[in-house]
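Asks: Sequence first, predicted coordinates after that:
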Amino acid sequence: MSKTPFYITTPIYYPSGNPHIGHCYTTVACDSIARYKRMQGHDVMFLTGTDEHGLKIEQKAAEKGVTPKQYVDEIVEVFKKLWKYMNIDYDRYIRTTDDYHVESVQKIFKELYDKGYIYKGEYSGKYCTPCESFWTDSQLDENGCCPECHRPVTFAKEEAYFFKMSPFADRIEKLLLETDYLRPKTRAIELVNNFIKPGLEDLCVSRTTFKWGIPVTFDEDHVVYVWIDALSNYISALGFKNEKYTDYEHYWNNNGSGEVIHMVAKDIMRFHAIIWPAMLMALDIPLPDHLAVHGWITFNGEKMSKSLGNVVDPFVLGERYGCDAIRYHILREMALGADSSFSNEIMINRINSDLANGFGNLVSRTVAMADKYFGGTLPTERESAPIDDEFRSAVTRLLSTVDAEMDETRIKQALEAIFRVVDRANKYIDETEPWKLGKDESQRARLASVLYNLLEAIRIISALLAPFMPTTMPKVWEQIGASPEDVEYEKLASFGILPENVTVHKGEILFPRIDVDKEIEELNSIIQQNMEAAQAGLSDTEKGEEAPSEKIELAPEITIDDFAKVEIRVAKVTACEKVKKSDKLLCLQLDDGMGGRQVVSGIAQYYAPEDLIGKKIQLIANLKPVKLRGVDSNGMICAADTPDGIKVVFVDDSIPVGSKIR
Ligand code: MSP
């Protein structure tokens, strides 16, 4: 494999609070891809960092009575500590307060201005203070409130610079629809229909109402506003328009001889799929190759958030189960494009089934038998059987499958493929019954063959797992007697690499089995305490952010008989698509336990169809049918109005479809 440049980035995180498992996902995913590419021999640059400017940081620092820089310095240390703890091997860490980044952003802003893509204007419109965003009337929600947080907006006027986006609309549309830029591509249509077709609006790129930002060099009342500052990190970190680094030509502007991948979660997809390409087009420099977009890690259907307290601290989880088990669990659960719901129970069961019983057991059984029957060193006589060929070929084919999945940024599928071979290897033990061979002196050569084949399978599997679980795999190599050369990439598609008389070393249990009930109880009580602490510890402004402060007005009282008129049933979403020519409506096909039905719901701005398929929901089953935009809707699905927008009320998967809710 050639040593071509490979550049991968996480988003730069807001250090407005400590990091949580949700932040870990992108970083762990990028780290695993970077490690995989390094293993393949690519020349990798893996970038992560922090996005440190803005009103929110200025306000939080003021609340604490420290300067914004002091405030972010402290949190950045926690991020770095977590990355170390999770064994994240980044090559560069950028902070948007670093001098070289400030220099690049100022020059980028000036160049865009000189080229006529940035102009001075006036922003007058509806302004949401907590979100620091202006909105046009057409963007406000149905109550005339902020479309993001649904709080009231006020009329405001401000002199500001704007970035002209419209000249790039056609090129961006083609980028999204006709290239492999966006992964998964299913999201492209939604972006084109929601943002490009209605006409790309110019973007406000400077502010005068706060000071904690990068000053515009030619107009000192203005600071550069969020996205030009944040997005530029991907190239300033390589030395674009600064003297600090000299890697820009190598990793970015290399005439397509390398690969550039950004990975982000869905809430910032638009900025990376539309604004970032527009900026690069305006600067006349190459575009990245891919934007991989994943969903959120949710907890009980809600995005994890520190201030909601529904977060299990990654340090706590790592302490209990080891950082590799956590890495494996989040990588194995999340498919690109879809949300993944985090539950302590799923995590523990996954660790037990895949890591303790699956892979860990394969290693410990094999090493223990080599130790028991041969004193640790295999004899060199061999006797093969037909079953060996099929087993060997399943193992040696694995590399090409995993390579193909990783080329498409499909980590979950890569891990699934590896664990299919783990299962195959455990089955090979059951089929060959080495414990019986061990009792029969005449079967020594056969037993040696079986154990050697298993050790070779473990060598290949563990080498392919190392990018995902980098802390544990060297321990496996120690146990199976593999040298660093034995697990090199070039040696992963062939058998016969370990010495014939390999010596194994019994070692610690790699993934101890977890007592499910006990752990769940303990973790749930930690979460409960976190939630209470989050509520008690929030400042008044933060509390206001989480819970509507207005008095809740209830509708007039009803009797139980009134309520009995409403039939709420559990149903499962079997298919879902956007309603044509509507930004708001999704059309869902439901298995309602009564032959199925179709429901139209106004949640398209909050959920992509793939977020819902397979989920169980609450259905108002006896609502009079209506037509919405010409599409039949038979019932309604229950959803909650929250400060973060509309949230569907999901139902636990163990409840059968058709069950009545009362
Ligand atoms: N600063 C911007 C990114 C600028 S990139 C040029 C930002 N920061 S953030 O800290 O708020 O979020 C960073 C990333 O973490 C986003 O992709 C966000 O969606 C992701 N996540 C935050 N919580 C998450 C989950 N619960 N699950 C998965 N990803 C999550 O946005």
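Replies: Arrived safely, thanks for sending.

Asks: you'd agree residue 351 is up against residue 320?
Replies: No: counting by Cβ atoms under 8 Å, residue 351 sits too far from residue 320 to count as a contact (10.0 Å). All C-beta atoms are positioned from the backbone trio N, CA, C, and that covers glycine.

Asks: Show me which of these two is the more surrounded one.
Replies: The neighbour comparison of residue 351 against residue 320 (other Cβ atoms under 10 Å) goes to residue 351, with 26 against 17.

Asks: Ramachandran angles for that one?
Replies: According to degrees, to the nearest 10, the main-chain angles of residue 351 amount to phi -60, psi -40.

Asks: So for it, what's the pLDDT?
Replies: Per-residue confidence for residue 351 comes out at a pLDDT of 96.

Asks: Quick check: the spatially closest residue to it that is not a sequence neighbour vs the ligand, distance?
Replies: Counting by Cβ to Cβ, 6 or more residues apart in numbering, residue 351 lies nearest to residue 325, which is 4.8 Å off, once chain neighbours are set aside. The span separating residue 325 from the ligand equals 18 Å under the rule Cβ to the nearest ligand atom, to the nearest Å.

Asks: Pull the number of nearby residues for residue 325.
Replies: Residues contacting residue 325 under the criterion other Cβ under 10 Å number 26.

Asks: element containing it, please.
Replies: Under the criterion of DSSP states H and E, residue 325 resides in helix 323-333.

Asks: Can you name the next helix or strand after that helix?
Replies: Reading on from helix 323-333 to the C-terminus, the next helix or strand found by DSSP H and E is strand 340-342.

Asks: So what are the sheet partners of that next one and their directions?
Replies: Strands flanking strand 340-342 in the sheet, each with its direction: strand 297-299 (parallel) (DSSP bridges).

Asks: Establish whether the strand it pairs with and the ligand are in contact.
Replies: Yes: between strand 297-299 and the ligand, judged by Cβ under 6 Å from any ligand atom, the touching residues are residue 297.

Asks: need the contact list for the residue nearest to residue 351.
Replies: The contact partners of residue 325, taken as Cβ atoms under 8 Å, 6 or more residues apart in numbering, are 351, 355, 511.

Asks: Could you measure from the first one over to residue 341?
Replies: Noted for residue 351: a distance of 16 Å to residue 341, by Cβ to Cβ, to the nearest Å.

Asks: and if you look at residue 611?
Replies: For residue 611, the distance to residue 341 equals 11 Å [Cβ to Cβ].

Asks: Make sure I have this right: residue 46 is in a strand.
Replies: Yes: assessed with DSSP: H, G, I helix; E, B strand; the rest coil, residue 46 lies in a strand.

Asks: which residue sits closest to it, ignoring its sequence neighbours?
Replies: Setting aside the residues directly before and after it, residue 46 is nearest to residue 34 in space (Cβ to Cβ, 6+ apart), at 3.8 Å.

Asks: Correct me if wrong: the one you found contacts residue 87.
Replies: No: in this structure, residue 34 sits apart from residue 87 without contact. The criterion is Cβ under 8 Å, and the distance is 12.0 Å.

Asks: Give me the more crowded residue out of these two.
Replies: Under the neighbour definition other Cβ under 10 Å, residue 34 and residue 87 were set side by side, and residue 34 has more, 26 against 17.

Asks: With the flanking residues excluded, which residue is spatially nearest to residue 398?
Replies: Nearest non-adjacent residue to residue 398, counting by Cβ to Cβ, 6+ apart: residue 421, 5.1 Å away.

Asks: hmm, the one helix or strand that neighbour maps to in reach of the ligand?
Replies: Residue 421 belongs to helix 411-432 when assigned by DSSP H and E. No: under the criterion of Cβ under 6 Å from any ligand atom, the ligand is not reached by helix 411-432; the shortest gap measures 13.8 Å.

Asks: Show me the contact partners of that helix.
Replies: Counting contacts by Cβ under 8 Å, 6+ apart, the residues touching helix 411-432 from outside are 29, 32-33, 328, 331-336, 354, 358-359, 361-362, 365-366, 385, 387, 391, 394-395, 398, 401-402, 405-406, 450, 453-454, 457-458, 461, 464-465, 468.

Asks: Show the contacting residues for residue 378.
Replies: Taking Cβ under 8 Å, 6+ apart, one finds 370, 448, 451-452, 455, 500-503 in contact with residue 378.

Asks: In helices only, show me those.
Replies: Cross-referencing the contacts of residue 378 with the helices (criterion: DSSP state H) gives 370, 448, 451-452, 455 as the overlap.

Asks: Could you write me a ChimeraX select line covering just the buried ones among the residues you listed?
Replies: In ChimeraX, a selection of the buried entries from those looks like this (16 or more other Cβ atoms under 10 Å):
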select :370,448,451,452,455
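
Asks: Among the ones in helices among the contacts of residue 378, which one sits closest to the ligand?
Replies: The shortest separation between the ligand and any of the ones in helices among the contacts of residue 378 is 37.9 Å, and it belongs to residue 455 (by Cβ to the nearest ligand atom).

Asks: burial measure for the residue lying closest to residue 184 once chain neighbours are set aside, as a count.
Replies: Excluding its sequence neighbours, the residue lying closest to residue 184 (Cβ to Cβ, 6+ apart) is residue 337, at 4.0 Å. Taking other Cβ under 10 Å as the criterion, the count of residues near residue 337 is 19.

Asks: pretty sure residue 337 contacts residue 410?
Replies: No: counting by Cβ under 8 Å, residue 337 sits too far from residue 410 to count as a contact (10.3 Å).

Asks: number of nearby residues for whichever residue of the chain sits closest to the ligand?
Replies: Closest approach of the chain to the ligand (Cβ to the nearest ligand atom) occurs at residue 22, with a separation of 2.4 Å. As a burial measure, residue 22 scores 20 neighbours (other Cβ under 10 Å).

Asks: pLDDT value on residue 340, please?
Replies: The predicted local distance difference test score for residue 340 is 83.

Asks: buried residues in stretch 20-39?
Replies: For stretch 20-39, a neighbour-count test (16+ other Cβ under 10 Å) marks 20-39 as buried.

Asks: how far out from the middle of the chain is it?
Replies: Here the centre of stretch 20-39 is set off from its chain's centre by 9 Å, with Cα atoms, centre = their mean, to the nearest Å.

Asks: can you tell me the helix or strand for residue 175?
Replies: helix 169-178.

Asks: what's the following helix or strand after that helix?
Replies: Past helix 169-178, further along toward the C-terminus, the next helix or strand under DSSP H and E is strand 182-183.

Asks: what residues does this structure put near the ligand?
Replies: 11-14, 22-23, 25-26, 51, 230-231, 233, 264-265, 267-268, 296-297, 303-304.

Asks: so residue 493, which of the three states?
Replies: Per three-state DSSP, the secondary structure class of residue 493 is coil.

Asks: list the contacts for the residue nearest to it when sequence neighbours are not counted?
Replies: Taking Cβ to Cβ, 6+ apart, and ignoring the residues beside it in sequence, residue 493 has residue 399 as its nearest neighbour in space, at 4.6 Å. For residue 399, the contacting residues are 460, 464, 492-493, by Cβ under 8 Å, 6+ apart.
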